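Q: Show me the folded form of this:
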Amino acid sequence: MKVLRFQSLTIMISVLLKLLIVLRNWWVLSFLRILNLIW
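A: Next up is the predicted model:
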């Protein structure tokens with residue numbers, strides 16, 4: 001029971017990390033695009 005809970009927790013954390021990476025990449029891309037528009 002405890003092991004299962006820990007496993008689900010690690011899965012949740014990994015998913016959150018992936019989301020963070022994707023969001024950060026998207027933010028950087030949009031930021032670069034805005035810079036291109038300005039220049």
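Q: Would you mark the buried spots in the helix or strand encompassing V22?
A: According to DSSP states H and E, V22 maps onto helix 2-38. Using 16 or more other C-beta atoms under 10 Å as the test for burial, helix 2-38 gives no buried residues. All C-beta atoms are positioned from the backbone trio N, CA, C, and that covers glycine.
Q: any idea how far it is from the chain center?
A: Computed by C-alpha atoms, centre = their mean, to the nearest Å, the chain-centroid distance of helix 2-38 equals 0 Å.
Q: pLDDT (mean, whole number) over it?
A: Averaging pLDDT along helix 2-38 yields 92.
Q: spatially speaking, which residue is in the middle of the chain?
A: L20 (1.8 Å; C-alpha atoms, centre = their mean).
Q: who's in contact with that residue?
A: Not one residue lies near L20 by C-beta atoms under 8 Å, 6 or more residues apart in numbering.
Q: Kindly provide the distance from it to R5.
A: As for L20, its distance to R5 is 23 Å (criterion: C-beta to C-beta, to the nearest Å).
Q: Then I34?
A: 43 Å.
Q: Please apply the same query to I21.
A: Remark: distance between I21 and R5 (C-beta to C-beta) = 25 Å.
Q: cool, and L23?
A: Counting by C-beta to C-beta, the gap from L23 to R5 is 27 Å.
Q: same deal with W27?
A: To R5, W27 is 33 Å away according to C-beta to C-beta.
Q: same thing with L32?
A: Applying C-beta to C-beta to L32 and R5 gives a distance of 41 Å.
Q: Could you do L19 as well?
A: Taking C-beta to C-beta, one finds L19 at 21 Å from R5.
Q: what do you get for I11?
A: 11 Å.
Q: Next: L17.
A: Counting by C-beta to C-beta, the gap from L17 to R5 is 19 Å.
Q: How about M12?
A: Taking C-beta to C-beta, one finds M12 at 11 Å from R5.
Q: just S14 next, same as before
A: Distance, S14 to R5, by C-beta to C-beta: 15 Å.
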